[in-house]
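[1] build the 3D model from these lines:
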Amino acid sequence: MIYQVIFVMICFILDFLLGYLFPIDYAARSLVFIPSLGFSALILVAKKRTLLDATILVLFSGFIYGLFILDTLFVYPILFTVVMLLTRFWANNVNDTVSELGILCVASIVIKDYLLYVFMFDQNLIRMNLVQWMSDYLFLSVFYNALFVVVVIYFYRHINKLETLIYQRKQKKERVNWR
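    Numbering: from 1, shown residues only. This is a model prediction of the structure:
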């Protein structure tokens, strides 16, 4: 579990680094891309955990993520938890192939972004209509995040293999006395 938490933290750090490489136009005069590597990693890790472990991990990650974005301290924990619960029902029927995990991650990013848009529109923080938001933001978000999600999935699968190998080595060292 610790390797997966470190993996999620590294992906969130990469999110912030990519955010500096692709600056955000808050005036919405140009196309916008916000990376979601950390969120994709979070969804993948939460898929294999129990509901309690996944909820705690998602709430904690949402609070940490909300600390770095102005005035969103309680928005992201609730948002991440709702999306995790929605995608968790579907994730039970998804295999561990790259294509299925990619579709799961991209769908969870779309749900997260849509719920965030609804919240921001409801709070009068943005005035974009849905069609403008989809053309200016959602298209680029899905396209570029789909490219990054493939990399996240390969690293996620590598982390799972590493944890399985460590667990198998630990089992080989155990000795049971039958007396």
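
[2] ok, now how distant is the residue nearest the centre of the chain from residue 83?
    Nearest to the geometric centre of the chain sits residue 39, at 1.5 Å (C-alpha atoms, centre = their mean). Distance, residue 39 to residue 83, using C-beta to C-beta, to the nearest Å: 8 Å. Placement of C-beta: from N, CA and C, glycine included.

[3] still on that earlier bit, give me phi/psi at the residue nearest to the centre of the chain?
    Phi and psi for residue 39, reported as degrees, to the nearest 10, are phi -70, psi -40.

[4] in this structure it contacts residue 112, no?
    Yes: applying C-beta atoms under 8 Å, one finds residue 39 in contact with residue 112, separated by 6.3 Å.

[5] what's the overlap in contacts for these two?
    By C-beta atoms under 8 Å, 6 or more residues apart in numbering, residue 39 and residue 112 have these common neighbours: residue 80.

[6] now for the helix or strand encompassing residue 147, which elements pack on it?
    In the assignment (DSSP states H and E), residue 147 maps to helix 139-173. Secondary-structure packing of helix 139-173 (3 or more C-beta pairs under 8 Å, 6 or more residues apart in numbering; DSSP states H and E): helix 2-21, helix 37-48, helix 98-122.

[7] any idea how far the second one is from the chain center?
    Average the C-alpha atoms of helix 37-48, do the same for its chain, and the two points are 5 Å apart (C-alpha atoms, centre = their mean, to the nearest Å).

[8] which elements pack onto that helix?
    Contacts defined by 3+ C-beta pairs under 8 Å, 6+ apart place helix 37-48 against helix 2-21, helix 51-68, helix 75-91, helix 98-122, helix 139-173.

[9] can I get the ones you listed in TSV including mean neighbour count, mean pLDDT and distance to residue 44?
    Converted to TSV, the helices and strands packed on helix 37-48 look like this (neighbours: other C-beta atoms under 10 Å; pLDDT from 0 to 100; distance: least, C-beta to C-beta, whole Å):
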stretch	mean neighbour count	mean pLDDT	distance to residue 44
helix 2-21	16	90	9
helix 51-68	17	92	11
helix 75-91	19	92	9
helix 98-122	18	93	7
helix 139-173	14	91	5
